[in-house]
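Asks: Sequence first, predicted coordinates after that:
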Amino acid sequence: MESVQPANIDAYIAAFPAEVKDMLEKIRAIIRKAAPLAFETISYGIPTFDLNGHLVHFAGYKSHIGFYPGAGAMEHFEKELTHYKTSKGTVQLPLNEPLPAALITAITRYRIEQNLGKTKKSAVKKAPEPTFFVPGLAAPARRALENKGITTLKQLADHTLEDIMLLHGMGKSSVPKMTEALAAAGLQFKG
């Protein structure tokens, strides 16, 4: 029989008996406090915190909470984890012991540094993104213009300001930036 993936972490936790549920809520709170900018999701069928990729996962079992920070974090915290049953990327936290909040926090923060480090390294290798034809325009406004097929100042000048402001994602703060870009090119909105 195929199991159904829970819709979110709340649904995942709700399926467990009270003792396990309590520990799952506690580990979730510890991770959330250590990684307040991380996004909660379900991945591989278990609760996951993402920030520039997976940070950590956790899961409930009959006698323990599984905490999955990955092999690199396990290696880095090897000495601190000697009390626990571990494998390559897993720590088993017994239900009959208090959660090691400081250790979970340290591991989660270490994983944040690892993931943000990936961004810095990959940013060096990536080619810079091309400058949009209206400098400083917010992403929703850029997408609104692109979705309408407007990718040049000339195309922008073929529309009235009123038509442009009707586009989903276009805000009032975009008007001065568009007007200034048009004027710099010797253009203006139609009508």
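Replies: Perfect, I can see it now.
Asks: in this structure, what spans have low per-residue confidence?
Replies: Applying pLDDT under 70 to the chain flags the ranges 1-4, 118-132.
Asks: Go again with 80.
Replies: Of all residues in the chain, those with pLDDT under 80 make up the ranges 1-4, 118-136.
Asks: Strands along that one, start to end?
Replies: Remark: strands assigned in the chain by DSSP state E are 39-43, 46-50, 54-60, 64-68, 85-87, 90-94.
Asks: Spatially central, which residue of the chain would that be?
Replies: Leu51 (4.1 Å; CA atoms, centre = their mean).
Asks: Report the contact partners of that residue.
Replies: Residues in contact with Leu51 (CB atoms under 8 Å, 6 or more residues apart in numbering) are Ala35, Leu37, Ala38, Phe39, Ile112, Asn115, Leu116. Using the backbone N, CA and C atoms, a C-beta is placed for each residue, glycine as well.
Asks: For Met178, see how far away the closest residue in space to Gln5 that isn't next to it in sequence is.
Replies: Excluding the flanking residues, the one nearest Gln5 by CB to CB, 6 or more residues apart in numbering is Gly45, at 5.2 Å. According to CB to CB, to the nearest Å, Gly45 stands 46 Å off from Met178.
Asks: more crowded one of the two?
Replies: Under the criterion of other CB atoms under 10 Å, the comparison of Gly45 against Met178 puts Met178 first, with 22 against 13.
Asks: Phi, psi for the closest residue to Met178 other than its chain neighbours please.
Replies: Excluding its sequence neighbours, the residue lying closest to Met178 (CB to CB, 6+ apart) is Val134, at 5.4 Å. Main-chain dihedrals, Val134, degrees, to the nearest 10: phi -120, psi 100.
Asks: how many neighbours does Val134 have?
Replies: 20.
Asks: Please name the bridge partners of Pro94.
Replies: His64 (DSSP bridges).
Asks: so what's Pro140 closest to, chain neighbours aside?
Replies: Gly169 (3.6 Å).
Asks: and if you look at Pro47?
Replies: Ile9 (4.4 Å).
Asks: Surely the one you found is in contact with Phe39?
Replies: No: between Ile9 and Phe39 there is no contact under CB atoms under 8 Å: 10.9 Å.
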